[in-house]
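Chemist: curious how this folds, go ahead:
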Amino acid sequence: MQYSIMGMNYRSKLPVIIDSIVNSCSDKGCFEHIDSAVIPSKDSIVEIIDLFKDVLFPGYFGDQTIEKNNLIYHIGSEITELFEKLSKQVTNSILHECRRKEEDCVECIDKGQEETIILLKKIPQIRALLATDIVNAYNGDPAAKSYDEIIFSYPGIFALMVYRVAHELHEQGIKILPRIMTEYAHSVVGIDIHPGAKIGKGFFIDHGTGVVIGETSLIGDNVRIYQGVTLGSLSFPRDEKGQILRDLKRHPTIEDDVVIYSNSTILGGDTVIGARSIIGGNVWLTRSVPADTKVLIEEPKLVFKKSSS
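Modeler: Have a look, this model is predicted:
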């Protein structure tokens, strides 16, 4: 490869560039992560999500047949691998939060393994919750021909699977890792669910592209939403120093059996959509709605013109 033109050696300029970048790492206005605890690995988290898919839905994914007589060996192998990989990433999350420099800190390693065991014990209840999501998806979508089709191919079920695992980690006080998990699902299927949101059983996201569910959203049982729905924040209250207050409820509450159609936006921590209400498509809401209410926008005026020949 040619590195010089007209006799000039451009590679000789690289040391100056390198020095300037290194010096910029001392600039407090920029960002670096030097001499800090290891951040959880995104690549490892993707592997962990694939393992959870196999454990939460045995026999659906992977290239080997699972039978009753080898189920315990299969689950045993998956759980052992999951424990090893997940406990390392949980430990990295704890180390990072503590700002420790010693990667072999026994206290944090023990805590990481303990929190991983707590999560793994919850797998049966997570499976039961996901089952209600799948049944509600089948009951709410006439295009669905079987539960298997939903598990294999529905983006909403993948997003919910990742969310339900990440939410448990979030509730256990693990930082960073749950958010990386749900943002990975977001990048794959276009559904953005913050792990801090609280979502009841039987949640169905139809189609799903562009759905956003904010951190402090509260969603009841048997709620159905469509593509493009946003459950967002109306404003960002600040303290006397102008800093955003981060622990306030900023996102809406959706009560049981609500249906929200495509591209509707519901904003605000005080906004409550009452049980069994229906929110039509393209609605913009910043105030509460009583139970058993339909909210629709007026039909737009359409103009029909004959094409000129």
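
Chemist: hey, let's count contacts and neighbours off CA atoms from now on
Modeler: OK.

Chemist: I'd guessed Thr253 sits against Ile266; true?
Modeler: No: judged on C-alpha atoms under 8 Å, Thr253 makes no contact with Ile266 at a distance of 9.4 Å.

Chemist: who's more crowded, those two?
Modeler: The residue with more neighbours, out of Thr253 and Ile266, is Ile266; 28 against 24, by other C-alpha atoms under 10 Å.

Chemist: hang on, the more buried one in a strand?
Modeler: Yes: according to DSSP: H, G, I helix; E, B strand; the rest coil, Ile266 belongs to a strand.

Chemist: that one and Lys249, how far apart?
Modeler: 14 Å (C-alpha to C-alpha, to the nearest Å).

Chemist: what of Glu97?
Modeler: 24 Å.

Chemist: so where is the stretch 201-309 of the chain shaky, pLDDT-wise?
Modeler: 309 (pLDDT under 70).

Chemist: run the last query once more with 90
Modeler: Counting by pLDDT under 90, the stretch 201-309 of the chain has low-confidence residues at 234-248, 299-302, 306-309.

Chemist: max-length helix in the protein?
Modeler: helix 71-98 (DSSP state H).

Chemist: which neighbours do Ile266 and Lys249 have in common?
Modeler: Shared contacts of Ile266 and Lys249 (C-alpha atoms under 8 Å, 6 or more residues apart in numbering): none.

Chemist: and stretch 148-164, how far from the chain's centre?
Modeler: Distance, stretch centre to chain centre, for stretch 148-164: 12 Å (C-alpha atoms, centre = their mean, to the nearest Å).

Chemist: mind jotting down where the strands sit in the stretch 1-150 of the chain?
Modeler: Here the stretch 1-150 of the chain has its strands, by DSSP state E, counting those that start in this stretch, at 4-5, 8-9.

Chemist: partner strands of the last one and their direction?
Modeler: This means strand 8-9. Strand 8-9 has the following strand partners under DSSP bridges: strand 4-5 (antiparallel).

Chemist: contact partners of stretch 278-291?
Modeler: Taking C-alpha under 8 Å, 6+ apart as the rule, stretch 278-291 contacts 234, 258-268, 270-277, 292-297.

Chemist: may I see the buried residues of stretch 171-181?
Modeler: 174-181 (16 or more other C-alpha atoms under 10 Å).

Chemist: same deal with stretch 288-299?
Modeler: 288-289, 291.

Chemist: got it, and stretch 53-64?
Modeler: Applying 16+ other C-alpha under 10 Å to stretch 53-64 flags 53-60 as buried.

Chemist: again with stretch 67-87
Modeler: Buried residues in stretch 67-87, counted by 16+ other C-alpha under 10 Å: 74-75, 79, 82-83, 85-87.
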